[in-house]
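1. build the 3D model from these lines:
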Amino acid sequence: GSFWHHNVEAPLTKQDMLRRIDRLYGRGSVPSKTPRVFARVVNSSREILAAKRLRDALEEALPDASEVYLLLILDLQTAGGLTAVAGEAGRNILFYSITEADTLMSL
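-> Model (predicted):
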């Protein structure tokens, strides 16, 4: 989850973040070979172009994970639904578009 709303100087927050990091890297109750799924809401169209680079960086950071999946969520789109890019460039990357109407309805 996000940490912008946490006081990163607070001992309890530090402990919680260290626990999350340990779980991510498989040093806790989740084995390191467990597949990982990352979801991100895209803030700019540049992030779409950087999706492969982000997936590759996550795979490099988690070399023991059997698979690393990346779901990028795009809101305020003209059409909704799930999209994948064919080939190696799109391997394990999914895009989910939410229509402008659905975005505005949820506000």
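2. confirm that A101 sits in a helix.
-> Yes: under DSSP: H, G, I helix; E, B strand; the rest coil, A101 falls within a helix.
3. just give me the neighbour total for it.
-> Neighbourhood size, A101 [other CB atoms under 10 Å]: 11. All C-beta spots, glycine's among them, are computed from the backbone N, C-alpha and C.
4. separation between A79 and A51?
-> 19 Å (CB to CB, to the nearest Å).
5. now swap in L94 and tell me
-> On the measure of CB to CB, L94 and A51 end up 10 Å apart.
6. give me the common contacts of these two.
-> Shared contacts of L94 and A51 (CB atoms under 8 Å, 6 or more residues apart in numbering): L70, L72.
7. mind naming the longest helix for this structure?
-> When the chain is parsed with DSSP state H, its longest helix is helix 11-24.
8. show me which residues of that helix are buried.
-> Using 16 or more other CB atoms under 10 Å as the test for burial, helix 11-24 gives L24.
9. so what secondary structure elements neighbour the helix or strand that comes right after it?
-> Proceeding N to C from helix 11-24, the next assigned helix or strand is strand 36-41, under DSSP states H and E. If contacts are counted by 3 or more CB pairs under 8 Å, 6 or more residues apart in numbering; DSSP states H and E, strand 36-41 sits against helix 51-61, strand 68-77.
10. identify each buried residue in the last one, please.
-> Residues of strand 68-77 classed as buried: V68, Y69, L70, L72, L74, D75 (neighbour count, 16+ other CB under 10 Å).
11. what sits against P35?
-> Neighbours of P35 in contact, by CB under 8 Å, 6+ apart: A65, S66, E67, V68, Y69.
12. hmm, 10 Å instead?
-> Contact partners of P35, counting by CB atoms under 10 Å, 6 or more residues apart in numbering, are L62, A65, S66, E67, V68, Y69, N92.
13. next one: R91
-> By CB under 10 Å, 6+ apart, the neighbours of R91 are K52, R55, D56, E59, E67, V68, Y69, L70, A84, V85.
14. check the gap between it and A51 for me.
-> Using CB to CB, one obtains 11 Å as the distance from R91 to A51.
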